[in-house]
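Novice: Sequence unavailable; structure follows:
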């Protein structure tokens, strides 16, 4: 509703509670709607009086007709008047309901003032209301956010956007802080921002300790490829055959011993005596680690007792 600001009860950074009045407006439109409700109530009262009179007239016409002192024509006329009065009451009641609904949306008091309250408990992060200024309908007077849960908004290329899904976890860091924090994707826009030529993404951040503040800048890291499980084995388990790395799988031979099978593998980096296996092994495979060189020398005919 359009109105002139008469009071502002919060400033930037203030903590506010749900339902707390932030702005008070003096609105001619709101006053007009209150007057409209008053007129509708008066019209309803008048129509209800007319109905009571028409009902009494119909009852009197029925008694007179029963006493042979009235005519059927008079009774029919009285009934028609009563029906018309009932319709008038129904119409007036609808007008009152409409006026009351329109007024309830504005939260107008008896003096025609509109009180704008905080919809949630939180912190004021924007304030455009100034005492004496005229606020148009739909204008933003205050912005209140819940600091316990914040939105993380950033832009990515189309290729990265195609790999992001709602619910996916992201990582981000504050400027000057080594700590890595988590967020979860809420929405990936279907359109490109015309000014940045990037796809807008919105994520949610749990800020239980109020460490983060609205409007902060952070650096986001989005993983667009699923993480793969990496197998690591002792370097001594890997033997070379014609320059190709292999390991020995150990399986029970059914006689209390073990049989060994050569399995060619592909390796990655080796760190601190442990080598990454990128291809050839699966999680759960049992391989020979200590004594792999001895098995290499005689694996075609040697069986080892399983302990």
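Specialist: Okay, I see it. All figures in this text were calculated on a predicted structure; none of them were measured in a lab.
Novice: From residue 13, how far off is the spatially most central residue of the chain?
Specialist: Note on the chain: the residue nearest the mean C-alpha position is residue 186, at 7.2 Å, using C-alpha atoms, centre = their mean. Here the criterion is C-beta to C-beta, to the nearest Å. By it, residue 186 lies 25 Å from residue 13. The way it works is simple: take the backbone N, C-alpha and C, and place the C-beta from them, glycine included.
Novice: Next: residue 57.
Specialist: Plainly put, residue 57 is 69 Å away from residue 13 if you go by C-beta to C-beta.
Novice: Neighbour count: the two, which is higher?
Specialist: Neighbours were counted for residue 57 and for residue 13 using other C-beta atoms under 10 Å; residue 57 has more, 18 against 11.
Novice: In the stretch 201-307 of the chain, what residue spans correspond to helices?
Specialist: For the stretch 201-307 of the chain, applying DSSP state H, counting those that start in this stretch gives helices covering 292-298.
Novice: can you list the weak-confidence ranges in it?
Specialist: Residues of the stretch 201-307 of the chain that meet the criterion pLDDT under 70 lie in 223-230, 292-293, 297-307.
Novice: What's the separation between residue 94 and residue 163?
Specialist: Noted for residue 94: a distance of 56 Å to residue 163, by C-beta to C-beta.
Novice: What ranges in the stretch 1-150 of the chain fall below the confidence cut-off?
Specialist: 1, 105-112.
Novice: For it, which segments are assigned as helices?
Specialist: For the stretch 1-150 of the chain, the helices defined by DSSP H, counting those that start in this stretch cover 28-66, 72-106.
Novice: buried set for the shortest one?
Specialist: To tie it back to what came earlier, the one meant is helix 72-106. Residues of helix 72-106 classed as buried: 74-75, 78, 81-82, 85, 88-89, 92, 95-96, 99, 102, 106 (neighbour count, 16 or more other C-beta atoms under 10 Å).
Novice: wait, residue 216 sits on residue 174?
Specialist: Yes. Using C-beta atoms under 8 Å, residue 216 makes contact with residue 174 at a distance of 6.8 Å.
Novice: Between those two, which has more neighbouring residues?
Specialist: The neighbour count for residue 216 versus residue 174, taken as other C-beta under 10 Å, is higher for residue 174 (16 against 11).
Novice: Chain neighbours aside, what residue packs nearest to that one?
Specialist: In space, and not counting its chain neighbours, residue 174 is closest to residue 218: 5.5 Å by C-beta to C-beta, 6 or more residues apart in numbering.
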